[in-house]
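>>> what shape does this take:
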Amino acid sequence: MDFIAIRDGKKCFIQVACLMADDDTINREFGAFSPIKDSSPKFVLSLDRLDMSHDGFTHYNIIDYLEGKVDLILT
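Numbering: from 1, shown residues only. Down below sits the predicted model:
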């Protein structure tokens, strides 16, 4: 897990990758959430433009995030 963000008592888990070019990378990045039993939102941020969200985990393009086009929802 790369980051845990907490704001106003709410939190989310964040994993960051450069590119998710193959299945091994995708499995590694999303797999980082497997041991976490907390129901807080889990996000993967990468340079990929294709939405790779799956299994309840959300993927965002990191440039879109940094430019404020998307926001991480904390619960």
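
>>> and E29, what does it touch?
Counting by C-beta atoms under 8 Å, 6 or more residues apart in numbering, E29 touches Q15, A17, M20, V44, S46. Backbone N, C-alpha and C define where each C-beta goes, glycine included.

>>> and it, that's in a strand?
No - assessed with DSSP: H, G, I helix; E, B strand; the rest coil, E29 is helix; it does not lie in a strand.

>>> could you tell me how far it is located from D64?
Relative to D64, E29 is positioned 17 Å away (C-beta to C-beta, to the nearest Å).

>>> over to D55?
In this view, D55 and D64 are 21 Å apart by C-beta to C-beta.

>>> so which of these two has more stuff around it?
Ranked by neighbour count (other C-beta atoms under 10 Å), D55 and D64 place D64 first, with 12 against 9.

>>> contact partners of stretch 67-75?
Contacting residues not belonging to stretch 67-75 are listed as 5-8, 10-12, 14, 39-41, 43, 60-61, 64-65 [C-beta under 8 Å, 6+ apart].

>>> no further questions, thank you.
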